[in-house]
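Trainee: Fold the following, please.
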Amino acid sequence: MGYLCQGLTTLPAKNSFSVFHLTLTSGSGKPFPLVLSPLAFVQSPSPNLLEPFQALAGALRSPWGLLFSRLNSPISPRLSPNVVKALLTANADPNLGDDFSSVYEIAKEKGLHSLEVLVTREDDFNNRLNIRANFKGCTALHYAVLADDYLTVKLLLDAGANPLQKNEMGHTPLDYAREGEVMNLLRASEAKFQEEQRRREVEERRRFPLEQRLKEHIIGQESAIATVGAAIRRKENGWYDEEHPLVFLFLGSSGIGKTELAKQTAKYIHKDVKKVMAHPSFMLAVKGREVAKFIGSPPGYVGHEEGGQLTKKLRQCPNAVVLFDEVDKAHPDVLTIMLQLFDEGRLTDGKGKTIDCKDAIFIMTSNVASEEIAQHALQLRQEAMEMSKKRIAENLEDVQMADKITISKQFKEKVIRPILKAHFRRDEFLGRINEIVYFLPFCHSELIQLVNKELSFWAKKAKARHNITLLWDREVMDVLADGYNLHYGARSIKHEVERRVVNQLAAAYEQDLLPRGCTLRITVEDSDKQLLKTTEGSSTSSGKSKVPTLRLEIVEKDSKARKLEIQAPLNPENITYFL
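Mentor: Prediction:
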């Protein structure tokens, strides 16, 4: 898999990267593999990258010859910058973190003895540092600062190394710098890097707006996306109140994208939704005593040292995106805490410590008034469709006007606000909300997108697991879209596809009707037959109207189709009733 070039071996690694090992020979003649630091992870390495190492391979006689192999002064100080330059020229990533966690985990992962890993780590690591300490996430810049190597630090910074990047312990390279020229260089670079980063982010937002990013993951809800996008844009560009956090209330039925929009917003702001998005569930806060789970228990109570779900996350990340799902189920004491949180931008935990979170974003979701919102939206959509028909629309834009509706201000004030006021019982709480965002039921064109997305999901599964190609047409999507339930949103489409398509696929596979590598097509059959074939002689009542059913057929090599005769797993005569 790899090749040897005067002591240098290139080995395949994860994510299409290659790890460069310098093979040294000990006195016993046993090869000694040595990883050349995080900088050695290079995408698509070319043979030209190996040329600088050909001269180095003969010159190096110990791990001391490379800067990042051992942080003491190298035998040949002029070699280290050459190594760094060669790697950077080959598009090495200077911001890649060290993945070394512990001796035992690495030994298990690489299939080595733990003692061998420990000895290698001791030889490769600076004797001034604790080899058992956690250096996971340290970049090449962290190690160069620890070595107090000004020239290498400058090379890395010039190549785009991030001086603000933190390791797993939360430390930046500056935290490890000594007083002197390296520290001064890092301080100057931090300010410069922040300005350049801000400029790049502004340009990126201009070329790829937030609304466009959100539409890639969320179907429909253009009004909700526009409202959230406008509020986030104000915050990003400095046009917001720094003394109060940004607060949203998402209203609408279940399964129409409220939680997903919150997650995608967090992912856009922080790039890693798992690390920064607190998700306290108000299902646990129905009782007043459960409030301690959010802010922490008072002194003397069990769990005092652990802290609360909310306060712990906000202490770690003051600008986190916090999702309060199903806020309508919250206990009144929780709403009191949230009132302080939204009004003052700070929160006092069970230990009496105040947490400042004015830069955080709070998103609440609720099903309150969802029925009224859904019925009003359907009424508006029906009126828009009738107006479109009266105009005898001549182009697609007139037809699509029925899909683009907005909730009127009168409806918000006369219908929605009294419902919210009656439920939350306090005007001051509603007054702290910056934006109330309305999520509307899906129109037919959006349902078709949902069906296509769900079928595509199962088509990928069929291809990956069984090498089966799954095909369908627009008529199939129309039939599945009829399974939409206003109260369950996109989840009803998911369940409809599972009931009418995936059930057939599973039964056909179990009955050995699907040869590996075949092509399956989903078709519509207008009949009153059961979804799965029953025994001969069984029939349905002639009085029932014909309902479109879905069938599976195999497409042969000559393009001819053969319908699958799938036997129902359970028939009435073989069901035993226990009385």
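Trainee: what's across from residue 438 in the sheet?
Mentor: residue 251 (DSSP bridges).
Trainee: With residue 552 instead?
Mentor: On DSSP bridges, the residues paired with residue 552 through beta bridges are residue 522.
Trainee: Tell me, how many residues neighbour it?
Mentor: The local packing count at residue 552 equals 20, with neighbours defined by other Cβ atoms under 10 Å. (C-beta placed from N, C-alpha, C; glycine too.)
Trainee: for it, what are its contacts?
Mentor: If you count contacts by Cβ atoms under 8 Å, 6 or more residues apart in numbering, residue 552 has them with 504-505, 508, 520-523, 563-564, 566.
Trainee: List the buried residues for stretch 155-173?
Mentor: Under the neighbour-count criterion of 16 or more other Cβ atoms under 10 Å, stretch 155-173 has 155-157, 159, 161-163, 165-167, 172-173 buried.
Trainee: tell me which residues in stretch 460-474 are buried?
Mentor: Of the residues in stretch 460-474, those buried under the neighbour-count criterion (16+ other Cβ under 10 Å) are 462, 466, 468, 470, 472.
Trainee: Compile these into a markdown table and extend it with columns for distance to residue 420, secondary structure and pLDDT.
Mentor: Written out in a markdown table, the entries for the buried residues of stretch 460-474 read as follows (distance: Cβ to Cβ, whole Å; DSSP: H, G, I helix; E, B strand; the rest coil; pLDDT from 0 to 100):
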| residue | distance to residue 420 | secondary structure | pLDDT |
| --- | --- | --- | --- |
| 462 | 45 | helix | 94 |
| 466 | 50 | helix | 91 |
| 468 | 50 | coil | 93 |
| 470 | 45 | strand | 95 |
| 472 | 42 | coil | 94 |
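Trainee: Just the closest of those residues to residue 367, please.
Mentor: Of all these, the one sitting nearest residue 367 is residue 472; the distance, using Cβ to Cβ, is 32.7 Å.
Trainee: Spatially nearest residue to that closest one (excluding sequence neighbours)?
Mentor: Taking Cβ to Cβ, 6 or more residues apart in numbering as the measure, residue 472 lies nearest to residue 522, with 4.3 Å between them; neighbours along the chain are not counted.
Trainee: In this structure that neighbour contacts residue 474, no?
Mentor: No. Counting by Cβ atoms under 8 Å, residue 522 stays clear of residue 474, with 11.5 Å between them.
Trainee: all strands for the stretch 101-250 of the chain, in order.
Mentor: Listed in chain order, the strands of the stretch 101-250 of the chain (DSSP state E, counting those that start in this stretch) span 246-251.
Trainee: just to revisit the earlier point, what's near enough to touch the residue nearest to residue 472?
Mentor: Taking Cβ under 8 Å, 6+ apart as the contact definition, residue 522 lies against 455, 470-472, 476, 501, 550-552.
Trainee: repeat for residue 136
Mentor: Counted by Cβ under 8 Å, 6+ apart, residue 136 has contacts 97-101, 167-168.
Trainee: Please pick the buried ones from the residues you listed.
Mentor: In the contacts of residue 136, burial by neighbour count holds for 97-98, 100, 167, counting by 16+ other Cβ under 10 Å.
Trainee: three-state assignment of residue 454?
Mentor: Classification of residue 454 into helix, strand or coil gives helix, according to DSSP: H, G, I helix; E, B strand; the rest coil.
Trainee: Which residue, neighbours along the chain excluded, lies closest to it?
Mentor: Distances taken as Cβ to Cβ, 6+ apart put residue 497 closest to residue 454, at 4.6 Å, once the chain neighbours are dropped.
Trainee: just to confirm, which helix or strand has the one you found in it?
Mentor: If you go by DSSP states H and E, residue 497 is part of helix 490-497.
Trainee: Residue 363 too?
Mentor: Taking DSSP H and E as the definition, residue 363 sits inside strand 361-366.
Trainee: going on from that strand, what's the next piece of helix or strand?
Mentor: The helix or strand immediately downstream of strand 361-366 is helix 370-391, counting by DSSP H and E.
Trainee: Tell me the pLDDT of the nearest residue to residue 154 once chain neighbours are set aside.
Mentor: Closest residue in space to residue 154, ignoring its immediate chain neighbours: residue 185 at 6.5 Å, by Cβ to Cβ, 6+ apart. Looking at residue 185, its pLDDT stands at 92.
Trainee: now residue 197
Mentor: What the model reports for residue 197 is a pLDDT of 84.
Trainee: and what of the one 4 residues further on?
Mentor: You'll see residue 201 listed with a pLDDT of 84.
Trainee: What count of nearby residues applies to it?
Mentor: Per other Cβ under 10 Å, the neighbour tally for residue 201 reads 11.
Trainee: Please report how far it lies from residue 320.
Mentor: Distance check for residue 201 against residue 320: by Cβ to Cβ, to the nearest Å, it reads 19 Å.
Trainee: How about residue 497?
Mentor: Look at residue 497 and residue 320: by Cβ to Cβ, they are 35 Å apart.
Trainee: Over to residue 548?
Mentor: With the distance defined as Cβ to Cβ, residue 548 ends up 48 Å from residue 320.
Trainee: Turn the contacts of residue 136 into TSV, columns for pLDDT and distance to residue 311.
Mentor: Compiled in TSV, the contacts of residue 136 are given as follows (pLDDT from 0 to 100; distance: Cβ to Cβ, whole Å):
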residue	pLDDT	distance to residue 311
97	81	28
98	79	31
99	77	31
100	76	32
101	74	28
167	86	25
168	82	22
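Trainee: Save the residues you listed as CSV, and put in distance to residue 336 too.
Mentor: Supplementary listing: those in CSV, determined by distance: Cβ to Cβ, whole Å:
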residue, distance to residue 336
97, 42
98, 46
99, 45
100, 47
101, 43
167, 39
168, 37
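Trainee: and the residues you listed, which of them are in helices?
Mentor: The helices, defined by DSSP state H, take in nothing from those.
Trainee: okay, now residue 547: neighbour count?
Mentor: Neighbours of residue 547 under the rule other Cβ under 10 Å: 12.
Trainee: tell me which residues form a beta bridge with it?
Mentor: residue 527.
Trainee: still on that earlier bit, what residues of the helix holding residue 497 count as buried?
Mentor: Within helix 490-497, the residues scored as buried using 16+ other Cβ under 10 Å are 490, 492-494, 496-497.
Trainee: chain center to stretch 200-209, what's the gap?
Mentor: The chain centre lies 20 Å from the centre of stretch 200-209; the measure is Cα atoms, centre = their mean, to the nearest Å.
Trainee: Quick check: which ranges of this structure have low pLDDT?
Mentor: Scanning the chain for pLDDT under 70 picks out the ranges 1-80, 124-132, 272-293, 296-307, 388-404, 527-546, 570-579.
Trainee: domains in it, as residue ranges please.
Mentor: Under automatic domain parsing, the residue ranges defining each domain of the chain are 4-194, 208-441, 444-574.
Trainee: before we move on, the earlier item: ok, so of the buried ones among the contacts of residue 136, who is nearest residue 122?
Mentor: Within the buried ones among the contacts of residue 136, distances to residue 122 taken as Cβ to Cβ reach their minimum at residue 100, with 12.8 Å.
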